[in-house]
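# show me how the following folds:
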Amino acid sequence: MSTDRHSQLLEQLVRSNGPQTAGDLADALGVSARSIRTYIAAIKAKAHPLPVIEAGPDGYRLGRDAYAAYLGTASASADDGTPRERLHRIVRLLVDEADGFDVYETASALFISDSTLETDLTRVRALLADTGLTLARTGGRVALRGSELARRRLLSRLFRDETTHGMAQLDAIQREFESESLGSFKTDLIEALQDRGYYINDYGMDNVLLHIAIAADRAGKSSPVESQQRDTGTDAELRSVVRELSRTHFADPLGDADIGYIAYLLSTRAVAPRPDADAALASEYFTPDEYATVRSIAERAGEEYLVDLSDVDFLTRLTVHVSNLLERAEDQAYSRNPLTTSLKTAYPMIYELAVFIASGLHDARGIVVNDDEIAYIAMHIGAHLQQQTRRDDLATCVLVCPNYYDLQAMLADRIIQTLGDALTVTRVVTRTDVPWEHLDADLVLTTLEPPAPAENIVRIQPFLSPADVDRVRSSLSRVRRIARRASIRDQLLRYLDERLFLRDVEAESEEALIRLLGERMQRLGVIDGRYIEAAIERERMSSTAFTDTLAVPHAMEMTASRTSIAIAVNERSMPWGDGRVNVVALIAFSADGRAQFQEVFDQFVEVFSEREDVASIVRGGRTFSAFIDALVRTMDS
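Sure thing, here's the model as predicted:
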């Protein structure tokens, strides 16, 4: 049994808010229910006596406290004897031994057969693809051929692939490379950088620390990295910081080449320019051509998606990021991002804007931008758009509080102080004869008992309590959700067509299903062949599986004759990108549908974000009319 399947199953339970049946888990992993039960038995045996998985009449759920305790045990961090652990050990031997090792002696030392080791070496060759490393064989001896930098990148990738979400966690790095001083090194490094005015990207910092741990480990083996060519004022300052700290924290201080490499990694992955460095940005951090490229792409994105991306500060920060991204892409050493999946699910429209910009960079500079790097671009866009949020976006509120000295004014002030980030008070009703039917607002907060209950009316006390605040926020969230779902329901029903509804479709690949749905649209005159090819090209940029159950393929240009959705609903999930989905919706938007694109796109993903809701829709939607009924029922619940 593959340990990878165990990790996938646990990850599925971590993300689940409720119990999962064996069938649900089997569909999510693309295996049989019997296999799921086998995996669970193996996980329970390994974690014993900790109850990491709890079984009940409704299915399986994660024992979260037990799982947290289990992650800190040795059995969770080491899988001695598994193929993956053995592959790891073989790679470490190849990296550490310049002359390689004897196949037969190594098989004996690992207590495996010669044929098993030969199989492992085949896996190693597959692992070396696109690394710049090769496996050389002379008789019974194998050795790794390639640069020291390529060897370190291989160790880094191998380690990250075995950690949670692909992120290099500090305690795991210290265990792997026996570097107990790495934590204090990080603390002192961050303090030194902040003292010099740098912004810290902590998502990238731990990945840089992984390279530092590898450098310290390799320095002890007299394996310095090749010298880096880049030499800027920023790098010189960073080199000075790294050199001083390496002398303090490491038994074998890093050499000049290693220090230069770490400074390069810091400047391109973990730190941003200090805010007082604007005058130096043009010459120090990016070229005028890079800025012009980013501005041009951002302008096109703004026109296509009806957002304002023209702010100079935003473009400056994004260009600094892109300049570093260009260097990472040239090295094929991309930064991992632990928020990639959650960003795609929670903010699909922002992620889509980032894909558009990444596509523009690909066309302008010929670089490949992977999902993690797209997510970093999305974080820049999201932060910028968040700053643009207008007060009009706040919910409107009417306060009903009869006159009693200044009680109504004090209550209104208290509401603004505690809930001003979520709502704005548009009217205060101070009479006891309240015109309830004419209170036009998202929410009504009242100290009086209303004549009849309503979703948007919340009874509060004259002296606003923490419990009142919690109820108001909960009610506001519920009211907004109902309004959003009512809006998307009406729009979806306009865009769905029985002729574009498929049930339990088998397709060889994502591309094949996009073509199948696209050809249906094409026959109805909604799109042409170029739109289908553009949707496939968009899919190659980054998977459109925005949730665990839904893929939304589409082209980035809105060239359809009318807005329409072709949808395939499958009882059994199919592979899509790195995951599996049950629902595939090819969305085609017309040019005059730009204003609706963001709302429909975000809310469509939201509807299919809960696995339990999707399971209900899939099971109930055997026909088009039944699908619509199940969809509306779920959205109205």
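# so where's the stretch 251-400 of the chain uncertain?
273-284, 388-393 (pLDDT under 70).
# the helices in it, which residues?
Per DSSP state H, counting those that start in this stretch, the stretch 251-400 of the chain carries helices over the ranges 256-265, 278-284, 288-305, 312-331, 340-346, 348-365, 371-387.
# the longest one to helix 348-365, inter-axis angle?
Between helix 312-331 and helix 348-365, the angle formed by their directions is 60 degrees, by axes from the mean of the first three to the mean of the last three CA atoms, to 10 degrees.
# that's a helix at residue 566, yeah?
No - membership of residue 566 in a helix is not supported by DSSP: H, G, I helix; E, B strand; the rest coil, which gives strand.
# tell me the domain ranges of this structure?
What automatic domain parsing lists as the domains of the chain is 3-77, 83-146, 170-272, 279-385, 392-464, 487-636.
# okay if I get the ones you listed as CSV plus distance to residue 473?
For every residue, glycine as well, the C-beta is placed using N, CA and C. Shown next, in CSV, are those (distance: least, CB to CB, whole Å):
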stretch, distance to residue 473
domain 3-77, 19
domain 83-146, 45
domain 170-272, 29
domain 279-385, 18
domain 392-464, 7
domain 487-636, 19
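# list the residues that contact residue 143.
94, 97, 98, 99, 100, 101, 135, 136 (CB atoms under 8 Å, 6 or more residues apart in numbering).
# helix/strand/coil for it?
strand.
# next one: residue 129
coil.
# quick one: it from residue 249, how far?
35 Å (CB to CB, to the nearest Å).
# got it, and residue 399?
58 Å.
# who's more crowded, these two?
The residue with more neighbours, out of residue 399 and residue 249, is residue 399; 23 against 20, by other CB atoms under 10 Å.
# let me know whether the more buried one touches residue 409 as I believe.
No - with contact defined as CB atoms under 8 Å, residue 399 does not count as touching residue 409 (10.1 Å).
# which residues are common contacts for the two?
residue 428.
# if we can go back for a sec, of the domains of the chain, which is nearest residue 160?
Closest approach to residue 160 among the domains of the chain is made by domain 279-385 (6.1 Å; CB to CB).
# OK, contacts around residue 345?
546, 547, 605, 609.
# which residue packs closest to residue 373, ignoring adjacent ones?
Nearest residue to residue 373, sequence neighbours excluded (CB to CB, 6 or more residues apart in numbering): residue 334, at 5.4 Å.
# what count of nearby residues applies to that neighbour?
18.
# give me phi/psi at it?
Dihedral pair for residue 334: phi -80, psi 150, per degrees, to the nearest 10.
# where do the strands sit along the stretch 501-637 of the chain?
550-551, 564-576, 579-588 (DSSP state E, counting those that start in this stretch).
# okay, the ones you listed in a markdown table with distance to residue 49 and mean pLDDT next?
Supplementary listing: the strands of the stretch 501-637 of the chain in a markdown table, determined by distance: least, CB to CB, whole Å; pLDDT from 0 to 100:
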| stretch | distance to residue 49 | mean pLDDT |
| --- | --- | --- |
| strand 550-551 | 39 | 94 |
| strand 564-576 | 34 | 93 |
| strand 579-588 | 33 | 93 |
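# out of those, nearest to residue 307?
strand 579-588 (18.6 Å).
# re the thing from before, could you list which residues are in contact with the residue nearest to residue 373?
328, 370, 372, 373.
# closest to residue 575 among those?
residue 370 (18.6 Å).
# tally of neighbours for the closest one?
18.
# which of the domains of the chain has the lowest average pLDDT?
When these are compared by mean pLDDT, domain 170-272 comes last with a mean of 79.
# so what touches stretch 486-498?
So stretch 486-498 is contacted by 524, 563-567, 596, 599-600, 603-604, 606-607, 624-625, 628, 631-632, 635-636 (CB under 8 Å, 6+ apart).
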